[in-house]
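J.: Please work out how this folds:
(one chain, ligands or ions: 1)
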Amino acid sequence: MAFTPLADLFHLFVPRRCGVCGATLVEGEHHFCVRCLMGAPFTDHPSAPYNRLLEHLRESVPVEHAAALLMFPKGSAWRRAVHDFKYRGHWRVARHCGEWLGGALAEGGGFYDVDVVVPIPLHPRKVLHRGYNQADYVARGVAAMLSRPCVSGNLRRVKNNPSQTHKRTSERWENVAGIFAVSRPEEFAGKHILLIDDVVTSGATITSAAEAILRACPGARVSVAAFATARYS
Ligand SMILES: [Zn+2]
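T.: From the prediction side, this is the model:
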C-alpha cells in the first residue's frame, strides 16, 4: 500500500465522511459510520436460500441462487452511497461494499460451489465516459472474500442500451433483450458463474446477462448477487 502515508496526510486536512449520513468518520471506521452500519437495511438473503429475489428472477430465468445484501427503497440514505460509487468516482467504496457482500455470502454458505465471479459489464463507450465500471469493483470485493477468480471481459455488452433509470418495468425488459454476448463460451462451459451487479431493480439487466451465458455456455449454471435491491427484501 504505497499510497497509505500520503492518504493519511491528506485525511489530516480533509476529514473522511460517512457515505450515508455524511458524519465525520473516526479511527477504525471505513466509508460508513458505526451508526449507519448498525441501522443498515439488511435482507435475509445470504442465509435464506429461497428468498423473494430468487423467486422473482426465476420467473424469467433458471438461476441457482440469488442474494442482495441490503434492501433500500427510493429515498433511503443508502442510495447516496451507491450513487457516489456509481457516478462520483468512489470506486474504493464499491470495492468495500463488494467485500461486505462477499463476506455475507461466504458466511451464509449457499454460494460455496461458485467457480467464477463475473461483473455485469457496461458498454465500452460508457466505461470511457465514466472511467470505470462500478460492478467490476463490487465483483472484485466479492471474489476476494469467496477466494474465487474475478473474470471480466468474457461477458460483453454488445448494445449500448439507454439508461434504465427512468424506464417503466415493461420498457426495461424490452430495453435489455440481446444486449449481452459471451466471447469465449468454452471458458464458462460447465462452470457455476456468480453474476454481480451493484443494484438489482427490476432484474431485467441481470437476467438478460444470465440468459446470454446459459444460452452460449453448455453446462453452465448462474447465480446472482448484488450489493442492494430496490424491491425484493
Ligand atoms: Zn453514517
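J.: can we go C-alpha only for contacts and neighbour counts from here?
T.: Noted.
J.: Quick one: residues contacting the closest residue to Gly19 other than its chain neighbours.
T.: Nearest non-adjacent residue to Gly19, counting by CA to CA, 6 or more residues apart in numbering: Ala81, 5.0 Å away. Residues near Ala81 by CA atoms under 8 Å, 6 or more residues apart in numbering: Gly19, Val20, Val93.
J.: Could you report the separation of Ala81 from Arg88?
T.: Ala81 is 10 Å from Arg88, where distance means CA to CA, to the nearest Å.
J.: Likewise for Met38?
T.: According to CA to CA, Met38 stands 25 Å off from Arg88.
J.: what's the burial count for Ala212?
T.: Under the neighbour criterion other CA atoms under 10 Å, Ala212 is assigned a count of 19.
J.: What strand or helix carries it?
T.: Applying DSSP states H and E as the criterion places Ala212 in helix 204-216.
J.: Now do the helix or strand just after that helix: which elements does it pack against?
T.: Proceeding N to C from helix 204-216, the next assigned helix or strand is strand 221-229, under DSSP H and E. Under the contact criterion of 3 or more CA pairs under 8 Å, 6 or more residues apart in numbering; DSSP states H and E, strand 221-229 touches strand 66-71, helix 91-108, strand 192-200, helix 204-216.
J.: And the helix or strand where His129 lies, what's buried?
T.: Assigned by DSSP H and E, His129 belongs to helix 124-130. By neighbour count on 16 or more other CA atoms under 10 Å, the buried set for helix 124-130 is Pro124.
J.: next SSE after that helix?
T.: Downstream of helix 124-130, the next assigned helix or strand under DSSP H and E is helix 134-146.
J.: What lies in contact with that following helix?
T.: With CA under 8 Å, 6+ apart as the test, helix 134-146 has contacts from 85-86, 91-92, 94-103, 105-106, 112, 116-121, 149-150, 152, 196-198, 227.
J.: Compute the inter-axis angle for that helix and strand 192-200.
T.: In terms of direction (axes from the mean of the first three to the mean of the last three CA atoms, to 10 degrees), helix 134-146 departs from strand 192-200 by 130 degrees.
J.: now helix 134-146 against strand 221-229, angle please.
T.: Going by the same axes, to 10 degrees, helix 134-146 makes 110 degrees with strand 221-229.
J.: Quick one: name whatever helix or strand follows helix 134-146.
T.: Following helix 134-146 in sequence, per DSSP H and E, is strand 155-157.
J.: who does that next one touch, helix- and strand-wise?
T.: Checked by 3+ CA pairs under 8 Å, 6+ apart, strand 155-157 has strand 180-182 packed alongside it.
J.: The strand it packs on packs against which elements?
T.: By 3+ CA pairs under 8 Å, 6+ apart, strand 180-182 packs against strand 155-157, helix 204-216.
J.: So for the ion, which of the ones you listed sits nearest?
T.: The ion lies closest to helix 204-216 among the helices and strands packed on strand 180-182, at 29.5 Å (CA to the ion).
J.: Since that was my last question, I'll sign off now.
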